[in-house]
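[1] Show me the folded form of this:
(2 chains)
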Protein chains: 2
Amino acid sequence: MIEQKNIESPSFFIGLDDKDIISFGSGQPDLSPPKEVYNILPTYSAFRYGRIEGDKELRIALAAQYPKAAAENFVITNGASEALDLCFRVLAGMKGKKKILLPSPYYYSYPFIVKFAGLESLYTKLKAGRIDINDFSAKIKKCAAVLINSPSNPTGRIEAIGTLKEIERITKQLGIYVISDEVYKDLIYERENYLIKGPRVITVNSFSKTFAMCGLRVGYLYSLDADFIRRVIEMKTHVSMNTNILAQAMALEATRVPRSYVDSQIAVWRERRDFIYDGLKSIGLDLWKPEGAFYVFPKVKNASKAVSDLFYKQKVIVYDGAWFGSPGRIRLSYALDKEKIREGIKRINSYLTRQ
Amino acid sequence: MIEQKNIESPSFFIGLDDKDIISFGSGQPDLSPPKEVYNILPTYSAFRYGRIEGDKELRIALAAQYPKAAAENFVITNGASEALDLCFRVLAGMKGKKKILLPSPYYYSYPFIVKFAGLESLYTKLKAGRIDINDFSAKIKKCAAVLINSPSNPTGRIEAIGTLKEIERITKQLGIYVISDEVYKDLIYERENYLIKGPRVITVNSFSKTFAMCGLRVGYLYSLDADFIRRVIEMKTHVSMNTNILAQAMALEATRVPRSYVDSQIAVWRERRDFIYDGLKSIGLDLWKPEGAFYVFPKVKNASKAVSDLFYKQKVIVYDGAWFGSPGRIRLSYALDKEKIREGIKRINSYLTRQ
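    Predicted coordinates:
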């Protein structure tokens, strides 16, 4: 009998190496990046410092994907994580309010990034996984910025376009910054992504999810706010300098990959989405059908105990909803093949029916 | 006639592309990295998230280079810059004093990193480029930590081993953290590097200078303080996640390169050191003979004006000592070949003799 440790965060599961484990844990695509990103490697020989804001060719390629955009509207970062971190640290350095509005449930790092920047999180509770514009409107006035994450990790929900336009209107009127984390923008099953726009909007994105390049850590931020971009570059100059030049060169290749690559990925994700949704429904779980990203977020009784039991008794990794601000749920990433999903659901069912 | 802009920071010079310019600016080795680091590229295919603290094999290889060290004493970071940034942010999150002691002149990013972390810099003025232990002793008591940088950027000086041992003794007695930035440890002309040791010492290092891998952004920190390491990893989990996995794989290859690579690099640097030192002496400048790193830091009248004039009138890039806390000096990196150094000195002489 293994002694069950208390499982307090996702990092508990990092580096486990047991092929009998079924992991619905990390938000890590298992599909490979496009082969084109490796084609440059055999002849690569650069080594010098790059520009702090990122490779110009890469920023030009990104500018072609965004409205009114030029290379100078972008900063390439060590993944979306650093982009978010720089945003909040820059906000912390400005005069004004120190509160940040976070929809809850949230990606589990958000409150930490806000806290580490010296800011304070204020939460607007999602209703059925979506922003309640009344609660939003009441709380946003106390805040320097709001973080929007649609499609959402952990809920898999997308916000209605009407809600996003209302958020644009309110924040523009009040002069409040919007940090829009759109890292799952290319993984939507219901509609095209709606890019949140505005003079104080900072869009955060990444090559990690769309192109499965998580470990290579290339993200970026995009904004029409030249002063904000300047502050980000100034900070990055001192705290991390340029983003890895080789990973940027690989990301540039990714921008040239035909759209069919992304479409074929979405087809796989959609099939898995349907499979895990139907499977979890069939064993009696209450959950939303994901509209984007690759997570389901079902309700489970005694969720923290279930996370621990599932790991120790069934060798299944799921994440505790409490880590995402939502006790009583568990998060499952469906970034694994159908056979594993099937086996995982079987084990979860086996555990739940014994409770 | 070109209009002369005020030159306010090193970033003014970034991205200039004019082959007639002689740049003594950036601290960027022009010599290539060892060819071994590129040998892994043709067959590389990994893409998943890595461990936050860094690749285990790389940390094991580093542990072999440090006393009493094991893999868990290391965190691999986005260059030494992120290592320093994480150190100060972790210190800022601890209870206690909020002042950091910085020897002055200093590497120009230090005061920014301290400020961005929400801490305050206190300065101990170097005497002839070395720590004055009396001033150090008086000021260290007000501080949570001290940053030591030997060999020093910008002075090219190394501290006496006796001084370093005295710093070890004082800080250990007072329970004060020492952040020792030893990125130039392998580029010393006078003696072996002296590793600062102690229970609260955090050593910061990098593959950038020793192996000319600046743009690839692999640095690390090493400490026997397990609690400090844990805090760094927790923060990095949220603010940047793993360091680029491919760059870490390249760094691992660098750890396997024979010592003769480093020796041959030092031979080149020593020759250039002698050449630029003699050259600048011969045109009448007052400077220290560098003992490590690849910078000279001569006195110049009206240094800020000289930086601007040299750029606009002579197409020579030098950095203003004021950026390093030392007005009245200029910093020259000698990371360029002898012919360029010769031409640069000629132009500097031509400018100075007209003043």
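[2] how many other residues sit next to A:Pro258?
    Other residues near A:Pro258 come to 10 when the count uses other CB atoms under 10 Å in any protein chain shown. Yep, even glycine has a C-beta here, placed from its N, CA and C like the rest.
[3] what's the distance between it and A:Gly118?
    44 Å (CB to CB, to the nearest Å).
[4] Equivalent analysis for A:Asn134, please.
    A:Asn134 is 30 Å from A:Gly118, by CB to CB.
[5] Looking at the two, which has the bigger crowd around it?
    A:Gly118 (18 against 10).
[6] Just the mean pLDDT for the strand or helix carrying A:Arg169, thanks.
    Assigned by DSSP states H and E, A:Arg169 belongs to helix A:161-174. Across helix A:161-174, pLDDT averages out at 98.
[7] Flag every buried residue along it.
    Of the residues in helix A:161-174, A:Thr163, A:Leu164, A:Glu166, A:Ile167, A:Glu168, A:Ile170, A:Thr171 count as buried by neighbour count, 16 or more other CB atoms under 10 Å in any protein chain shown.
[8] Next, the contact list for the first one, please.
    Applying CB atoms under 8 Å, 6 or more residues apart in numbering or on different chains, we find A:Thr163 in contact with A:Arg130, A:Ile131, A:Ile133.
[9] and the first one, how many neighbours?
    The burial metric for A:Arg130, expressed as a neighbour count using other CB under 10 Å, is 17.
[10] which ones are touching it?
    Contacts of A:Arg130 by CB under 8 Å, 6+ apart are A:Arg157, A:Glu159, A:Ala160, A:Thr163.
[11] With the last one instead?
    If you count contacts by CB under 8 Å, 6+ apart, A:Ile133 has them with A:Thr163, A:Glu166, A:Ile167.
[12] pLDDT at it, what is it?
    98.
[13] Also the first one?
    The pLDDT attached to A:Arg130 in the predicted structure is 97.
[14] List phi and psi for it.
    phi -130, psi 160 (degrees, to the nearest 10).
[15] how close does it sit to chain B?
    25 Å (CB to the nearest CB, to the nearest Å).
[16] again, but for the last one
    Distance from A:Ile133 to chain B, counting by CB to the nearest CB: 29 Å.
[17] Run through the strands of chain A in chain order.
    Along chain A, counting by DSSP state E, strands occupy A:22-23, A:74-77, A:99-104, A:120-125, A:145-148, A:177-181, A:201-206, A:219-223, A:295-296, A:316-317, A:319-320, A:330-333.
[18] So which of those strands is nearest B:Phe13?
    Closest to B:Phe13 of the strands of chain A is strand A:74-77 (CB to CB; 19.2 Å).
[19] quick revisit: buried ones among the contacts of A:Arg130?
    A:Arg157, A:Glu159, A:Thr163.
[20] Surely the second one is in contact with A:Ile148?
    Yes: with the criterion set as CB atoms under 8 Å, A:Glu159 and A:Ile148 qualify as a contacting pair; they are 7.3 Å apart.
[21] if we can go back for a sec, now the helix holding A:Arg169, how far from the chain's geometric center?
    21 Å (CA atoms, centre = their mean, to the nearest Å).
[22] A:Ile245: what's it in contact with?
    Contacts of A:Ile245 by CB under 8 Å, 6+ apart are A:Ala46, A:Phe47, A:Arg48, A:Gly50, A:Asp55, B:Gly215, B:Leu216.
[23] Try it again at 6 Å.
    Neighbour list for A:Ile245: A:Ala46, A:Gly50, B:Gly215 [criterion: CB atoms under 6 Å, 6 or more residues apart in numbering or on different chains].
[24] excluding its backbone neighbours, what's nearest it?
    B:Gly215 (4.0 Å; CB to CB, 6 or more residues apart in numbering or on different chains).
[25] Pull the contacting residues for that neighbour.
    Counted by CB under 6 Å, 6+ apart, B:Gly215 has contacts A:Phe47, A:Arg48, A:Tyr49, A:Gly50, A:Ile245.
[26] Show me how to select, in ChimeraX, the buried members of these.
    Restricted to buried positions by 16+ other CB under 10 Å, the ChimeraX selection for the contacts of B:Gly215 reads:
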select /A:47,49,50,245
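[27] Make TSV from the contacts of B:Gly215 and add pLDDT to it.
    TSV is the format used below for the contacts of B:Gly215 (pLDDT from 0 to 100):
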residue	pLDDT
A:Phe47	94
A:Arg48	92
A:Tyr49	92
A:Gly50	93
A:Ile245	97
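[28] Closest one of the contacts of B:Gly215 to B:Cys87?
    Once CB to CB is applied, the member of the contacts of B:Gly215 that ends up nearest B:Cys87 is A:Tyr49, at 21.5 Å.
[29] What count of nearby residues applies to the closest residue to A:Trp323 other than its chain neighbours?
    Using CB to CB, 6+ apart and skipping residues adjacent in sequence, the residue nearest A:Trp323 is A:Tyr108, 4.5 Å away. Residue neighbour count, defined by other CB under 10 Å, stands at 20 for A:Tyr108.
[30] now A:Tyr108: how far from A:Ser9?
    Where A:Ser9 is concerned, A:Tyr108 sits at a distance of 8 Å (CB to CB).
[31] ok so, going back, nearest approach to chain B belongs to which of the strands of chain A?
    Taking CB to the nearest CB, strand A:74-77 is the member of the strands of chain A nearest to chain B, at 8.5 Å.
[32] residues in contact with the closest one?
    A:53-54, A:59, A:62, A:83, A:219-222, A:232-233, A:243, A:248.
[33] out of those residues, which touch chain B?
    The overlap between the contacts of strand A:74-77 and the neighbours of chain B (CB under 6 Å from any CB of the partner chain) is empty.
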